[in-house]
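Student: what's the 3D shape of this:
(2 chains)
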Amino acid sequence: MAQTQVEIFPSGLTLAVEEQPWNPGVALQLLLPVGVTTDPEGLEGAASLIEGWLWKGAGVRDARAFAEVLDDLGVRRGSGSGLEYTTFAAQFLQDKLEAVLELYADLLLRPQLPGEGLEAVRQVALQELASIEDQPSKKMFTALRREVFSSNHGRSAAGTKQGLEKASAEVLGQDFANRFTASGAIVALVGGISLPAAREATLKAFAAWGGQAAASPAVRLNPPHPVHIEQDTSQTQIGLIYPDISFGHPEFYSARLAAQVLSGGMGSRLFSEVREKRGLVYSVYASPGGVKGYSYLSAYAGTMPGRADETLRVLQGEIERLAQGVSLEELKRAKIGLRTALVMGEESARSRVASITRDLYLLGRVRTLEEIEAGIAAVDLERINRYLSANPYHNPWIATLGPVEVASVG
Amino acid sequence: MTQTPTTEFKQTVLDNGLTIIAEVNPQAQSTALGYFVKTGSRDETAQISGLSHFLEHMTFKGTAQRDAVAVNLEFDVLGAQYNAYTSEENTVYYGAVLPEFGPSLLELWTDLMRPSLRPEDFELEKKVILEEIELYKDRPSTMLFDWGRERYFAGHPLGNSVLGTAQSISDLSLEQMQTYHARRYTPANMVLGLAGNLNWEMMLAQAQELTAGWVGGEAPRAYPALRSRTGQAREPYAKATQVYMALMAPGVAAQDPRRYAMSLLANILGEEGNSRLYWALTDTGLVESVSAGSDESDGAGLFYVYAQTDSANEAQVRAILQDQLEHLEQGGVSQSELRSAKNKLATGLVFAGETPLQRLFSLGLNYVYNRTYEPLSETAARVEAVSLAEINGLLESKPLSQSFLYSLVPAGS
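Tutor: Just a heads-up that it's a prediction; the model follows:
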């Protein structure tokens, strides 16, 4: 596997390139550390509005001409603004690299930000926010994160109605200038390109880009307590968040493997105890997640209201039973599962470029496949069980959503 | 990537009638394989509605050699990325593993195609299916298509629900499932697909041996005439706070050579970011989202538009949608729109060949419908060859004038 080559330019822009000479395609991911966590107070949703607004014309082109020139180049694209960052993903053929970077530079350095375009973006954003009402699991997780964080990390990525309605063109234009800066931004490329060509094209396109990134806010937590949202749904939604350890921690891979034992495959503990043995749910899982500076293990189950108490009890019981340790067979399966996912993730340029960008954002460097494999291999049964017994998952934040309250375990 | 000249296609039909196909790519990092069973909700009667999907779940519950727990553990021991799905007309079991585990994955899936269907597993899994039905009730965008298709296809089996209803699932018996399995999972009605890094001769010999005892003949499918519904239906749904619309119109079948033109037409009408409906509805802030697509089935096809909007915009969205469709049907598309759509699809096809699992799906499904192999390079050439006359020819029969607009709206709106 090719190594990722990383350079940080004087502007603070990071370039990461992984060369795949056999690949006629290129996957690009551009990340800016701008999201709802750094939205100004009372203007929650501002970053998301700006992201939509950027597409309303850039450089010499209006919105339609801009979309058409990207289509002419055969660029497939997607973009969005979330909790902590805004990303722009694109896939194209290798000979289009320079032209594509020039266009994304137009988007980020020379957007037209027309007033009438903003009103349309605002209407779409308000509808997106409203539609969370029709997605019970998303609504439950939004409420759960609000319970976990007292810092801005508890905000909804969709913003607030008030914030979306209040943001004026003038305020957003200023906010764009303040936050959409080169410093902290990442350009990652995977595919049939070379580092020298990528460096030259990136430097040329983004030469005029400067500015200081907004500082990411410190994480602050609320004490755990359960919250219930009453809504007349067919299924009760159950969500749990447990504190976990982050990348830099020496036992990081012990925790990753434990999560794999819990929810890595259909033979994992949650699937087999909650669904296979008891038939309580269609969907149940736990997965490691987090924000910059704070990691957690989140878990989910959806079940009919009459079975919600039992489902929560079994789900929570299985997670907390990890403290008693895992078996050698479980550890072996977890290792194979993680390793296979790693190798297969390498097969797709799109998934590779996304994990490079994620590593750079969260860690400031890109982990190699060898490093991750060594980290996994170094965890033996004694080590993982010692870790789990010393660091039990307990005392979670709990959110439920459904027609009746769910009895939580003390 | 799979477009390299080293990719090789293999096929054979075993004596028992099972078709085996493979796209071998020695450079791939993984092996993908799966069974494509030509059966789904369209092959069910009202009495057994939801059975194909329920059977797909039961397939994981074990065989004479393995119980349910052993099955799940074995997949995990292989590090397999695997699953299954059921549609109106196919039940597909698939997985990808590192190449050294390919033979084990083949043995496992092949064994599972002859499940034990034990009564205790049947009763337990019924509960899981009932939960799945409840899950989708909370998602208006899914129910829109489940109910919308039933109404649009107006008695044609393509309108049959994949999940069935809580009532139909509760009423199902194990005997009905055993009979259905014997009738539909015959070797002649299945295709074993392989893709990626694999040894064809070895896998073939292995499959031959493992399926030597498989029996069963043809599994016929009914193709009644389709007289689809036209007009509109607007129904309140207590679980919707937004308005969900699906416009359904005659499309092209999976066997129809015009399917390449049809996907380009859908792209021109409804692609996110740059299409007629995008500029008319999203760019103006009238919808949360809008898209168009072509759903190609066995002997029939559906062309659809999906839109999600706030109640306040509903009337305006309907009017604009109607206007856009009339405009498209009367005026056709332009050369530059066609060029643009082709460019986007061409890039998409390069990325569609990245992983063996992605290849497996197009390889297997295309074979089920057309009994041919189409390498990615040929798909790309066929897309490129679509002419303006061909794409506008799709509009000559005025399909959009025969459309049915189905909406779910908030109760009381």
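
Student: neighbouring contacts of stretch B:258-266?
Tutor: Contact with stretch B:258-266 is made by B:251-253, B:256, B:292-294, B:296, B:301, B:303, B:333, B:338, B:341-342, B:345, B:379, B:382-383, B:385-386, B:390-391, B:393-395, as judged by CB atoms under 8 Å, 6 or more residues apart in numbering or on different chains. The way it works is simple: take the backbone N, C-alpha and C, and place the C-beta from them, glycine included.

Student: and the closest residue to chain A within the stretch 201-350 of chain B, helix, strand or coil?
Tutor: The nearest approach of the stretch 201-350 of chain B to chain A comes at B:Gly285, 3.1 Å away (CB to the nearest CB). Three-state call for B:Gly285 (DSSP: H, G, I helix; E, B strand; the rest coil): coil.

Student: Return the residues in contact with it.
Tutor: A:119-124.

Student: Of those, which are in range of chain B?
Tutor: When contact is defined as CB under 8 Å from any CB of the partner chain, the contacts of B:Gly285 meet chain B at A:119-124.

Student: Among those residues, which one has the most neighbours?
Tutor: A:Val121 (24 neighbours; other CB atoms under 10 Å in any protein chain shown).

Student: Next up, the contacts around that one.
Tutor: A:49, A:52-53, A:56, B:285.

Student: per the record, what domains does chain A have?
Tutor: A:5-205, A:227-402 (automatic domain parsing).

Student: How about chain B?
Tutor: According to automatic domain parsing, the ranges for chain B are B:8-210, B:231-410.

Student: Between these, which one is closest to A:Arg365.
Tutor: With CB to CB as the measure, domain B:8-210 is the member of the domains of chain B nearest A:Arg365 (23.9 Å).

Student: Could you tell me the end-to-end distance of that closest one?
Tutor: 24 Å (CA to CA, to the nearest Å).

Student: What of stretch A:41-51?
Tutor: Stretch A:41-51 end-to-end distance (CA to CA) = 18 Å.

Student: again with stretch A:32-47
Tutor: End to end - CA to CA - stretch A:32-47 spans 10 Å.

Student: So what's the gap between the worst-scoring helix or strand of chain B on mean pLDDT and the chain middle?
Tutor: Ranking every helix and strand in chain B by mean pLDDT, DSSP states H and E puts helix B:335-352 at the bottom, with a mean of 91. Chain-centre distance of helix B:335-352: 22 Å, with CA atoms, centre = their mean, to the nearest Å.

Student: May I see the buried residues of it?
Tutor: B:337-338, B:340-352 (16 or more other CB atoms under 10 Å in any protein chain shown).

Student: For the stretch 151-300 of chain A, what lies in contact range of chain B?
Tutor: Close to chain B, as judged by CB under 8 Å from any CB, the stretch 151-300 of chain A has residues A:232-235, A:264-268, A:271-272, A:275-283.

Student: now do 7 Å
Tutor: Contact residues (CB under 7 Å from any CB of the partner chain) of the stretch 151-300 of chain A with chain B: A:233-235, A:264-267, A:272, A:275-276, A:279, A:281-283.

Student: show me the contacts for residue 136.
Tutor: All of this refers to chain A. A:231, A:233, A:237, A:401, B:138 (CB atoms under 7 Å, 6 or more residues apart in numbering or on different chains).

Student: that answer is for a different chain, and I need it for chain B
Tutor: B:142-143, B:163.

Student: could you redo the last one with a cut-off of 8 Å?
Tutor: Counting by CB under 8 Å, 6+ apart, B:Tyr136 has contacts B:142-143, B:146, B:163.

Student: Over to A:Pro33?
Tutor: A:Pro33 neighbours (CB under 8 Å, 6+ apart): A:84-85, A:184-185, A:213-214, A:216, A:361.

Student: what does the stretch 151-300 of chain B put close to chain A?
Tutor: B:238-242, B:273-274, B:279, B:282-288.

Student: Could you tell me whether A:Leu401 really is in a strand?
Tutor: Yes: using three-state DSSP, the assignment for A:Leu401 is a strand.

Student: what sits opposite it in the beta ladder?
Tutor: A:Ile229, A:Gln237 (DSSP bridges).

Student: residue contacts, it?
Tutor: Contacts of A:Leu401 by CB under 8 Å, 6+ apart are A:136, A:139-140, A:143, A:228-231, A:233, A:236-237.

Student: Going through those, which ones are buried?
Tutor: By neighbour count, with 16+ other CB under 10 Å, those hold A:136, A:139-140, A:143, A:228-229, A:231, A:233, A:236-237 as buried.

Student: still on that earlier bit, so which two of the residues of the stretch 151-300 of chain B next to chain A are the farthest from each other?
Tutor: B:Ala238 and B:Asn274 (36.4 Å).

Student: Now do B:Asp15: how many residues are near it, please.
Tutor: 10.

Student: Please read the previous query as pertaining to B:Ser116.
Tutor: With other CB under 10 Å as criterion, B:Ser116 counts 14.

Student: Ok, B:Tyr85 next?
Tutor: 13.

Student: just B:Pro220 next, same as before
Tutor: Neighbour count for B:Pro220, taken as other CB under 10 Å: 9.

Student: you'd agree it is in a helix?
Tutor: No: under three-state DSSP, B:Pro220 sits outside any helix and is assigned coil.

Student: residues touching it, list them.
Tutor: With CB under 8 Å, 6+ apart, B:Pro220 has no contacts at all.

Student: Torsion angles phi and psi at it?
Tutor: Main-chain torsions, B:Pro220, degrees, to the nearest 10: phi -70, psi 160.

Student: picking up where we left off before, just tell me which of the domains of chain B ends up closest to A:Glu18.
Tutor: That would be domain B:231-410 among the domains of chain B, by CB to CB, at 13.9 Å.

Student: Give me the distance between that closest one and the centre of its chain.
Tutor: So, by CA atoms, centre = their mean, the centroid of domain B:231-410 is 15 Å from its chain's centroid.

Student: For it, measure first residue to last.
Tutor: Using CA to CA, the two ends of domain B:231-410 sit 20 Å apart.

Student: just stretch B:9-18 next, same as before
Tutor: 17 Å.

Student: Could you check how far it is from the centre of its chain?
Tutor: 24 Å.

Student: Of the contacts of A:Val121, which is the nearest to A:Leu113?
Tutor: Once CB to CB is applied, the member of the contacts of A:Val121 that ends up nearest A:Leu113 is A:Trp53, at 5.7 Å.
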